[in-house]
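Q: have a look; sequence and predicted model below, questions after that.
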Amino acid sequence: MTLTQLARMTEDEAREYLEGIRWPNGPICPHCGSVEVTRLNGEAHRAGVLKCKACREQFTVTVGNIFESSHIPLVKWVMAFHLLCSSKKGISSLQLQRELGLGSYRTALFMTHRIREAMTEHVDTALAGIVEMDEAYVGGKPRPGDGKIHKKGRGTSKTPVVAVVQRSGDSEATPVASVSIASLKSVAGENIAPGTVLITDDLNLYDRVGESFTGGHRSVNHTDGEYVRYENGVPIHTNTVESFFALLKRGHYGVYHSMSRKHLGRYCEEFSFRWDHRKMNDSDRTEAAIKAAEGKRLTYREMVDGSGDSSAVPASA
Ligand SMILES: [Zn+2]
């Protein structure tokens, strides 16, 4: 559905839309997994309440996922999902607050972080084939005492993010405490299959990372001005992972302005989700994100504390 179609929905229609995405084959009890479910109709019940015949618990489509306990109208939720899924560089909480008429910035911020939580994918299949790997420094604020000096690239006080992107495939981006052999190896080991051909730039740390890959390690010598070469017709470059970082950085500078260290992992997940679903249209991407909300929760306390975000755990100290 387009944003205009979503905006015209009644609350009942929005609920039916969410039910159709979550339960394409009919409702499933989020408490026990039973499909023996009846709809409680009539004035005595809230709209959308279902009852499980097996465990006798009541539930709605907003139980057992990131919507749980939210008082925001479902129409605004589906529009927020659409806006975050269709904007290449993301959408700031301030803009979302204005466009959806949300009561407070805090509400908008909590909403966007819950959507990012839904977008967080824990894929079982490792990246394979040809995988490009690189690191960049994004987000965060300069540490006290750094003054106005903002160094670029390696050695800056900003938070390093390591990204791995499979050619014509998926991506994963992870903030790390520092760029080291240990942190790079950790990200590579968690996300890339052993038989992969790994392509990086000529940062020498990658030589040690590349040793683990039986597909071999190719590095492009950026220092000497080499950006692409061909081996048996295969282009050796890191342009794909650099495109990923270009989007993340444009989002950082153009939309979010500041991605705090605490939330950086979740922003990375947002950009990675859009990247991985880039071949879908906006409507399908939105529905994929809503579907991915299943079983995920993020409380306001977890957001404020910076917990509940496994992707932000430093890969190495
Ligand atoms: Zn049940």
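A: Structure's in. What do you need? Source: prediction; values computed, not measured.
Q: run through the residues that contact the residue nearest the centre of the chain.
A: Nearest to the mean C-alpha position of the chain, by C-alpha atoms, centre = their mean, lies E269 at 2.2 Å. Neighbouring residues of E269 by C-beta atoms under 8 Å, 6 or more residues apart in numbering: 116, 119-121, 173, 311. No exception for glycine: its C-beta is placed from N, CA and C like everyone else's.
Q: what about the residues you listed, which one has the most neighbours?
A: With neighbours taken as other C-beta atoms under 10 Å, the top of the contacts of E269 is A173, carrying 28 neighbours.
Q: contacts made by the strand or helix carrying that one with the rest, please.
A: Using DSSP states H and E, A173 maps to strand 171-175. Outside strand 171-175, the residues that touch it by C-beta under 8 Å, 6+ apart are 123, 127, 139, 159-165, 187, 191, 241, 244, 248, 261, 264-265, 268-269, 271-272, 275-276, 311-312, 314-315.
Q: mind listing which of these are in strands?
A: Within those, residues falling in strands by DSSP state E are 159-165.
Q: next, format the residues you listed as a markdown table and append distance to D305, pLDDT and neighbour count.
A: Output for the ones in strands among the contacts of strand 171-175, formatted as a markdown table (distance: C-beta to C-beta, whole Å; pLDDT from 0 to 100; neighbours: other C-beta atoms under 10 Å):
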| residue | distance to D305 | pLDDT | neighbour count |
| --- | --- | --- | --- |
| T159 | 18 | 90 | 22 |
| P160 | 23 | 94 | 24 |
| V161 | 21 | 96 | 27 |
| V162 | 24 | 97 | 24 |
| A163 | 26 | 98 | 25 |
| V164 | 28 | 98 | 27 |
| V165 | 31 | 98 | 29 |
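Q: widest-spaced pair of those?
A: T159 and V165 (19.1 Å; C-beta to C-beta).
Q: next, whichever residue of the stretch 201-317 of the chain sits closest to the ion: phi, psi?
A: Nearest residue of the stretch 201-317 of the chain to the ion, counting by C-beta to the ion: G295, 14.9 Å away. Main-chain dihedrals, G295, degrees, to the nearest 10: phi 70, psi 0.
Q: name the element the nearest residue to A7 once chain neighbours are set aside belongs to?
A: In this structure, A7 finds its nearest non-sequential neighbour in M79, 6.0 Å apart by C-beta to C-beta, 6 or more residues apart in numbering. In the assignment (DSSP H and E), M79 maps to helix 74-86.
Q: so which elements touch that helix?
A: helix 3-7, helix 11-22, helix 93-100, helix 105-119, helix 261-276, helix 282-291 (3 or more C-beta pairs under 8 Å, 6 or more residues apart in numbering; DSSP states H and E).
Q: mean pLDDT and distance to G169 added to the ones you listed, as a markdown table?
A: Below are the helices and strands packed on helix 74-86 laid out as a markdown table (pLDDT from 0 to 100; distance: least, C-beta to C-beta, whole Å):
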| stretch | mean pLDDT | distance to G169 |
| --- | --- | --- |
| helix 3-7 | 96 | 29 |
| helix 11-22 | 97 | 25 |
| helix 93-100 | 96 | 30 |
| helix 105-119 | 96 | 17 |
| helix 261-276 | 94 | 8 |
| helix 282-291 | 97 | 16 |
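Q: could I get the ones you listed as TSV with distance to V49?
A: Shown next, in TSV, are those (distance: least, C-beta to C-beta, whole Å):
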stretch	distance to V49
helix 3-7	23
helix 11-22	11
helix 93-100	25
helix 105-119	22
helix 261-276	31
helix 282-291	20
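Q: ok, back up a step: can you put the ones in strands among the contacts of strand 171-175 in JSON lines and add distance to the ion?
A: Rendered in JSON lines, the data for these read as follows (distance: C-beta to the ion, whole Å):
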{"residue": "T159", "distance to the ion": "43"}
{"residue": "P160", "distance to the ion": "45"}
{"residue": "V161", "distance to the ion": "41"}
{"residue": "V162", "distance to the ion": "42"}
{"residue": "A163", "distance to the ion": "41"}
{"residue": "V164", "distance to the ion": "40"}
{"residue": "V165", "distance to the ion": "41"}
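Q: flag every residue of the protein that's near the ion.
A: Residues of the chain found near the ion, taking C-beta under 5 Å from the ion as the criterion, are 29, 31-32, 34, 52, 54-55.
Q: mind saving the C-alpha coords of the strand holding A173 as CSV?
A: What follows is strand 171-175, C-alpha atoms only, in CSV (Å, rounded to 0.1, in the frame of the first residue of the first chain):
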residue,chain,number,x,y,z
SER,A,171,24.7,-6.7,4.5
GLU,A,172,25.5,-6.5,8.2
ALA,A,173,27.0,-3.5,10.0
THR,A,174,28.3,-3.6,13.6
PRO,A,175,29.7,-0.9,15.8
